[in-house]
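Peer 1: I need the structure of the sequence given here:
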Amino acid sequence: MTAVTSVGAMSIVQRLQWVGLAVLCLSTVASAIKCFDCVGEDCVGSFCEGQYCMLSKFAPRWGSAEWGAPQTVKGCMSGTMLRDDVRDHCEANLEDGIEVFTCFCNKDYCNGPKQVRKLKIEPVELYTCVCNGEHCEGKTCIGKFCTYVVNHNNKKTEQGCVNVSIPLIERRTLGACMMPPITGAMHHSIAEEVEDLLNTESCTCASDYCNFKKPVIEVERNMKCKMNVRANLMGAEMNSSTITFVGEYCFSVNVISELGYMRSFETIGCVSFIEGSELAEELEVSGCGKFQSEKLTVNACLDTKDTKALARAKVNVQSKHQLVTAAP
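Peer 2: Next up is the predicted model:
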């Protein structure tokens, strides 16, 4: 898998960012609710306005390196990537007490400490994954999803687990292979420099031992996408070259943080999905979304002009949504 030097005008992802920001502003004004905007499970204080209130986790990661302690973040979610009918609920690991990963709700200040405790808790299944690489402590690990990472330059591979590290982004890439990895947590020990990430493919899946081999992408990849990675670690700016590759979708992610030592992470690239990959029920097939918290801002866009790719994804989101709404 060899990337090709980029040429041409503004990419589809860059155009989508401009359109997404405009739509984002309109949607926020039209249906804004007030949410607590702070850091910590029991925090209250400042507030923001958006389509939904959210509680999530943020763990600054660069490969296997931790650039700060994991934190609970509260804030607002808005954008065209969100469905109009997101249910009020929390997702949590119930195996060792109650470890809440994510909450969504749509009433003023519903992400406050007392209000969150009243939300319906849905158990999140954790999977046993093959672990192989410098980051591993054993032959298996437990996580929300499993990963298979390969550097196409030196053919080095690693397998492992990923839990929630950044709000919004990882939920949209389940069951996909992406170049470059869409978050800093998704390349394990494979890449040391940002330039390495341009030839690093990260795949995710959600079942026990599903990462024992690399998932096979059988769909056509008709979108030409620019690829670039920028990051600021402890004040050191890193910026890769810009090249192009192909995928089902083009993506862009921008994370700005005052938590930990990773101040920013920005990447654009391409992503393709394994046939039948389920889409998280609160997300649309494509569009832009923004999570805004007191010390963390996450912007993400995903787009394709491939009508077959859109049709495949819509079938999966519709069947899953019908399943959820039909449940007692």
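
Peer 1: now stretch 281-296, how far from the centre of its chain.
Peer 2: In terms of C-alpha atoms, centre = their mean, to the nearest Å, the centre of stretch 281-296 is found 9 Å from the chain centre.

Peer 1: dump the residue contacts of residue 198.
Peer 2: Taking C-beta atoms under 8 Å, 6 or more residues apart in numbering, we find residue 198 in contact with 3, 179-180, 227-229, 240-241, 243. In short, each C-beta sits where N, CA and C put it, glycine included.

Peer 1: show me which of those residues are buried.
Peer 2: Buried residues within the contacts of residue 198, counting neighbours by 16 or more other C-beta atoms under 10 Å: 3, 179-180, 227-229, 240, 243.

Peer 1: tabulate those residues (JSON lines), appending secondary structure and pLDDT.
Peer 2: Listed next are these as JSON lines, based on DSSP: H, G, I helix; E, B strand; the rest coil; pLDDT from 0 to 100:
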{"residue": "3", "secondary structure": "coil", "pLDDT": "44"}
{"residue": "179", "secondary structure": "strand", "pLDDT": "95"}
{"residue": "180", "secondary structure": "coil", "pLDDT": "94"}
{"residue": "227", "secondary structure": "strand", "pLDDT": "97"}
{"residue": "228", "secondary structure": "strand", "pLDDT": "96"}
{"residue": "229", "secondary structure": "strand", "pLDDT": "95"}
{"residue": "240", "secondary structure": "coil", "pLDDT": "95"}
{"residue": "243", "secondary structure": "strand", "pLDDT": "96"}
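
Peer 1: now, which of these sits nearest residue 311?
Peer 2: residue 179 (23.5 Å; C-beta to C-beta).

Peer 1: hmm, that closest one is touching residue 267, no?
Peer 2: No. The criterion here is C-beta atoms under 8 Å, and residue 179 misses it with residue 267 at 10.0 Å.

Peer 1: mind telling me what element residue 116 is part of?
Peer 2: Using DSSP states H and E, residue 116 falls within helix 113-117.

Peer 1: likewise for residue 311?
Peer 2: Counting by DSSP H and E, the element that carries residue 311 is helix 307-326.

Peer 1: that older thread, got a markdown table for the buried ones among the contacts of residue 198, with distance to residue 86 too?
Peer 2: Compiled in a markdown table, the buried ones among the contacts of residue 198 are given as follows (distance: C-beta to C-beta, whole Å):
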| residue | distance to residue 86 |
| --- | --- |
| 3 | 36 |
| 179 | 30 |
| 180 | 29 |
| 227 | 31 |
| 228 | 31 |
| 229 | 30 |
| 240 | 35 |
| 243 | 36 |
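
Peer 1: re earlier: farthest pair in the contacts of residue 198?
Peer 2: Farthest pair in these, by C-beta to C-beta: 179 and 241, 13.8 Å.

Peer 1: okay, now residue 120: neighbour count?
Peer 2: Using other C-beta atoms under 10 Å, residue 120 has 9 neighbouring residues.

Peer 1: so what's the residue lying closest to it once chain neighbours are set aside up against?
Peer 2: Nearest residue to residue 120, sequence neighbours excluded (C-beta to C-beta, 6 or more residues apart in numbering): residue 89, at 4.8 Å. With contact set as C-beta under 8 Å, 6+ apart, residue 89 has these partners: 103-105, 119-122.

Peer 1: redo that, cut-off 10 Å
Peer 2: Counting by C-beta atoms under 10 Å, 6 or more residues apart in numbering, residue 89 touches 102-105, 119-122, 281-282, 324.

Peer 1: and what of residue 75?
Peer 2: Neighbouring residues of residue 75 by C-beta under 10 Å, 6+ apart: 35-39, 46-48, 50, 52-56, 111, 167, 290-298.

Peer 1: in helices, which of the residues you listed fall?
Peer 2: Among these, DSSP state H puts none in helices.

Peer 1: bridging residues for the closest residue in space to residue 43 that isn't next to it in sequence?
Peer 2: Spatial nearest neighbour of residue 43, excluding adjacent residues (C-beta to C-beta, 6+ apart): residue 74 at 6.4 Å. Assessed by DSSP bridges, residue 74 has beta-bridge partners residue 38, residue 55.

Peer 1: with the one 4 residues further on instead?
Peer 2: Taking DSSP bridges as the rule, residue 78 bridges to residue 290.
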